[in-house]
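[1] just the structure for this:
(2 chains)
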Amino acid sequence: MNDAANTPARNTKVMNRFDLTSRLVAKLNNEEAVIGGIGNTNFDLWATGHRPQNFYMLGSMGLAFPIALGVALAQPKRHVFALEGDGSLLMQMGCLSTIATLRPANLTMIVMDNGVYQITGAQPTPAAATTDLVAVALGCGLASSAWAADEEDFERLIEQSLSASEPTLIGVRIDDKAGVGATRRDPVQLREQFMLGMGVREAM
Amino acid sequence: MAAAAEQTSSQASHQKSWHEVVLQTLKRNDIRLVPYVPDRVLTTLIKSIHADPFFTCFPTAREEEAVGILSGAWMAGMKGAVLMQTSGFATLANVLASLAVPYQIPLIMFVSERGTLGEFNYGQALVCRTMRPVLDSLAVEHHTCTRLDEFEFIVDRSIKQAVTTQAPVALILSPLLTGGKVFDK
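    So this is what the prediction gives:
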């Protein structure tokens, strides 16, 4: 019988998505890209204050890491962060193998794990009681994968990832609070702003 | 100019295969990133793209994943195209409708067509019938490529149109062009 209490994730502190996202953004000094996954993950990114290097998904559940991988391949000198929910990652777990194979050193993946589909009424995910997502990442070949024990540990892992020689995955256990912001739902504007932020467009 | 003329005359003596046309046209249009989920018909094309250092070519676990990768890469300044087969396309309705189309991403898709003109698997035949209705319902440009003599024109112009209009395009590779996959027992 699987016991949730026995997974390493359960030994870590329960943190808050908005607080962690704010801590991440506060550490960005070199126009790093940040890809926010569907729903609360990008709502909280939006709520930390818009940066031109932020990209917000309004659908395509599960594609935050693949989108971030594309940015990381196109611009190897820029560090790319991706924020994804546990439910989203379950939709696209295969991407961890793709990323482990390509090994972009400039990519940091953050999994916000609350074990529930918060936005649809907090139903538990099929993984909630049984699956250790960091262990899955390790099994996929992402050797630099770890749970953050608390906020300080999260910040340390973020800093470490900026000079890593391979991609990093950071698991964080979070509470079931909703996101605090509301991303403006204008896909063309969001995409154009991001392209300006990536330096591939001139402002009109 | 002289070099170009020489190239043209040497090409005239050798009829290019459809997969050579794809590779050369991708190169000419600076399409460097080629994620794929394979198909028997695409084997030679995939092999030759892998062998050419111009390209970054790799398999993905799902076609959706490849669309995400290409979207991110294009927004950061690198162009790409995805290779798949018909049944793979059938998994893309959500990502086309929520990412490629509304965000105006020039997603270039090569779809090897299974399910018609000699298909032996009924499931492939059925899934094939969903492909054009999905493309049409989202008003995504698509061409069914059947003839080698017009193939380069279609591929080259479609890539250019996708990029300049920032709109997805699907190039469906018919068995009439590729020979398709046949049941050989």
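
[2] and the pLDDT for residue 129?
    Here I'm looking at chain A. Here, the pLDDT recorded for A:Ala129 equals 93.

[3] try chain B instead
    pLDDT, read off for B:Arg129, is 97.

[4] spell out which parts of chain B neighbour chain A.
    Residues of chain B that fall close to chain A, judged by C-beta under 8 Å from any C-beta of the partner chain: B:33, B:56, B:58-62, B:64-78, B:80, B:94-95, B:97-99, B:102-105. From N, CA and C alone the C-beta is placed, and that goes for glycine too.

[5] beta-bridge partners for the most centrally placed residue in chain B, please?
    In chain B, the residue lying closest to the centroid (C-alpha atoms, centre = their mean) is B:Phe110, at 1.5 Å. Beta bridges link B:Phe110 to B:Leu83, B:Leu171 when assigned by DSSP bridges.

[6] go ahead and confirm it touches B:Val22.
    Yes. Using C-beta atoms under 8 Å, B:Phe110 is in contact with B:Val22, at 6.8 Å.

[7] as a check, name the ranges of all strands in the chain.
    Using chain A. A:33-36, A:54-56, A:80-85, A:107-113, A:116-117, A:123-124, A:144-147, A:168-173 (DSSP state E).

[8] try again with chain B
    So, for chain B - with DSSP E - the strands run B:31-36, B:56-59, B:79-80, B:82-85, B:108-112, B:141-145, B:169-173.

[9] okay, those strands in CSV with mean pLDDT next?
    Formatted as CSV, those follow (pLDDT from 0 to 100):
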stretch, mean pLDDT
strand B:31-36, 98
strand B:56-59, 98
strand B:79-80, 98
strand B:82-85, 98
strand B:108-112, 98
strand B:141-145, 98
strand B:169-173, 98
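
[10] now those strands as JSON lines including distance to A:Asn106?
    Formatted as JSON lines, the strands of chain B follow (distance: least, C-beta to C-beta, whole Å):
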{"stretch": "strand B:31-36", "distance to A:Asn106": "16"}
{"stretch": "strand B:56-59", "distance to A:Asn106": "15"}
{"stretch": "strand B:79-80", "distance to A:Asn106": "18"}
{"stretch": "strand B:82-85", "distance to A:Asn106": "23"}
{"stretch": "strand B:108-112", "distance to A:Asn106": "25"}
{"stretch": "strand B:141-145", "distance to A:Asn106": "34"}
{"stretch": "strand B:169-173", "distance to A:Asn106": "30"}
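
[11] for those strands, which one sits closest to B:Ser17?
    Minimum separation from B:Ser17 across the strands of chain B (C-beta to C-beta) falls at strand B:169-173, 12.1 Å.

[12] can you tell me what sits against that closest one?
    B:18, B:41, B:89, B:106-113, B:131, B:135, B:140-145, B:154-155, B:158-159, B:161-162 (C-beta atoms under 8 Å, 6 or more residues apart in numbering or on different chains).

[13] select only the buried ones of these in ChimeraX?
    What follows is the ChimeraX syntax selecting those of the contacts of strand B:169-173 that are buried according to 16 or more other C-beta atoms under 10 Å in any protein chain shown:
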select /B:18,41,89,106,107,108,109,110,111,112,113,131,135,140,142,143,144,145,154,155,158,159,162
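
[14] now do the contacts for the residue nearest the centre of chain A.
    Taking C-alpha atoms, centre = their mean, the centroid of chain A lies closest to A:Leu83, which sits 1.7 Å from it. For A:Leu83, the contacting residues are A:21, A:24, A:34-37, A:41-42, A:44-45, A:64, A:110, A:112, by C-beta under 8 Å, 6+ apart.

[15] now, which of the residues you listed sits nearest B:Asp52?
    A:Ile35 (29.2 Å).

[16] list the contacts for that closest one?
    A:Asn54, A:Phe55, A:Met57, A:Ala64, A:Ile67, A:Ala68, A:Val71, A:Val80, A:Phe81, A:Ala82, A:Leu83, B:Gly72.

[17] same deal with A:Pro104?
    A:Leu69, A:Ala72, A:Leu73, A:Pro76, A:Val80, A:Pro167.

[18] which non-adjacent residue is nearest the last one?
    What it means is A:Pro167. A:Leu107 (4.4 Å; C-beta to C-beta, 6 or more residues apart in numbering or on different chains).

[19] so that neighbour is in contact with A:Glu166, correct?
    No. Using C-beta under 8 Å, A:Leu107 is not in contact with A:Glu166; the gap is 9.0 Å.

[20] shaky segments in chain A?
    For chain A, the stretches with pLDDT under 70 are A:1-10.

[21] 90 instead?
    A:1-11, A:203-204 (pLDDT under 90).

[22] what parts of it come near chain B?
    Counting by C-beta under 8 Å from any C-beta, chain A sits next to chain B at A:33, A:35, A:55, A:57-63, A:65-75, A:78, A:92-95, A:97-98, A:101-102, A:187-188, A:190-191, A:194-195, A:198-200.

[23] mind redoing it with 7 Å?
    A:55, A:58-60, A:63, A:66-71, A:73-75, A:92, A:94-95, A:97-98, A:101-102, A:187-188, A:191, A:194-195, A:198, A:200 (C-beta under 7 Å from any C-beta of the partner chain).
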